[in-house]
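1. Give the three-dimensional model of this entry:
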Amino acid sequence: MLEVKELESGYGPMQVLWKPNLYAEKGKITSLLGPNGAGKSTLLATVFGSVKPWGGHVIYQGQEVTQLPTHKKVNAGLALVPEGKHLFPNMSVYENLSMGAYPKKALACKDASLELVYSLFPRLKERHKQKAGSLSGGEQQMVTIGRALMTCPKLIMLDEPSQGLAPLLVDMMFETVLKMKEEIGLTILLVEQNARASIDAADYVYIMHEGTTKFHGLPEKIRESDKIREAYLGS
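-> Residues are numbered from 1 along each chain as shown. The predicted model follows:
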């Protein structure tokens, strides 16, 4: 569904991506692992278009979308949940979620999308009138993911969704990621520092280091390789 071919990008004169390759299969969870500074977040941002590609290709549903503007990628069904909680703190949970339904096709199915979000995150329904800035960190992460789901995506890219969450909430977050695949049929590209949980959730795993993809394979292949885990995952 999504193919990254020898993608290059960076910030100013600093190159961060050095021709990584990646393929995310439709209806599957693809986990992207690696140490801090490996270029994982930059890869997601470059695919999405918020960081301008310097070279290489992004193929989505068989179409070249490398230079397509971000809003057109959203209209085509791509969504990115960036690292951190980018909310409107003085707006209610409902208002924050509604902001995700700005594309024309998403607006047409806003009510159905809202019910879907509330079914995944019942706590948000309970707090729909509450200001987003007053929520706990875990609840704010739910709103961030929920807002992306309001765009009616076919493929969602999650950048560190469990960052800063308590262990119990981390488990709940990964349960939700699995529901997004199994119950909604979403294709998911997942960037996570929690290597064990990310590998357990994945159908396929890529490992990045120094701006490129060094290894890839089925989760069991990564689990069984002490060399890979010690060199790139610190475990």
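
2. Every contact and neighbour count from this point should use C-alpha atoms.
-> OK.

3. now the biggest helix by length in the chain, how far from the chain's geometric center?
-> Ranked by number of residues, the top helix in the chain under DSSP state H is helix 167-182. How far helix 167-182 lies from its chain's middle: 13 Å, per Cα atoms, centre = their mean, to the nearest Å.

4. Report the rounded mean pLDDT for the helix or strand that that helix is followed by.
-> Downstream of helix 167-182, the next assigned helix or strand under DSSP states H and E is strand 187-191. Strand 187-191 comes out with an average pLDDT of 97.

5. Which strands or helices does strand 187-191 pack on?
-> Counting contacts by 3 or more Cα pairs under 8 Å, 6 or more residues apart in numbering; DSSP states H and E, strand 187-191 packs against strand 22-24, strand 29-33, strand 155-159.

6. hey, what's the most centrally placed residue in the chain bridged with?
-> Centroid check for the chain by Cα atoms, centre = their mean gives residue 158 as the closest residue, at 1.5 Å. Taking DSSP bridges as the rule, residue 158 bridges to residue 81, residue 190.

7. how close does it get to residue 54?
-> Plainly put, residue 158 is 23 Å away from residue 54 if you go by Cα to Cα, to the nearest Å.

8. cool, and residue 60?
-> Counting by Cα to Cα - residue 60 and residue 54 are separated by 18 Å.

9. on that earlier part again, tell me which residues touch the residue nearest to the centre of the chain, please.
-> Listed by Cα atoms under 8 Å, 6 or more residues apart in numbering, the contact partners of residue 158 are 80, 81, 82, 83, 188, 189, 190, 191.

10. Kindly report the same for residue 150.
-> By Cα under 8 Å, 6+ apart, the contact list for residue 150 reads 97, 98, 100, 101, 106, 110, 113, 114, 117.

11. mind checking pLDDT for the first one?
-> Pointing back at residue 97 there. You'll see residue 97 listed with a pLDDT of 96.

12. do the same with the last one
-> Per-residue confidence for residue 117 comes out at a pLDDT of 95.

13. That one: helix or strand, and which one exactly?
-> Using DSSP H and E, residue 117 falls in helix 110-120.

14. Residues contacting that helix, please?
-> Outside helix 110-120, the residues that touch it by Cα under 8 Å, 6+ apart are 97, 98, 101, 124, 125, 146, 149, 150, 152, 176, 179.

15. From residue 32, how far out is the nearest residue to the first one once chain neighbours are set aside?
-> Spelled out, that is residue 97. Excluding its sequence neighbours, the residue lying closest to residue 97 (Cα to Cα, 6 or more residues apart in numbering) is residue 147, at 4.5 Å. In this view, residue 147 and residue 32 are 22 Å apart by Cα to Cα.

16. and if you look at residue 3?
-> Counting by Cα to Cα - residue 3 and residue 32 are separated by 13 Å.

17. Outline the domain layout of this structure.
-> Using automatic domain parsing, the domain parsing of the chain gives 2-77+154-233, 84-150.

18. buried stuff in the helix-or-strand element of the chain with minimal mean pLDDT?
-> Each helix and strand of the chain was given a mean pLDDT (mean pLDDT, DSSP states H and E); the minimum falls on helix 226-228 at a mean of 82. Neighbour counts over helix 226-228 (16 or more other Cα atoms under 10 Å) mark residue 228 as buried.

19. Endpoints of stretch 31-51, how far apart?
-> 21 Å.

20. now it: how far from the chain's centre is it?
-> With Cα atoms, centre = their mean, you get 10 Å for stretch 31-51.

21. Let the chain start at 559 from now.
-> All set: I'll call the first residue 559, so the last point we hit is now stretch 589-609.
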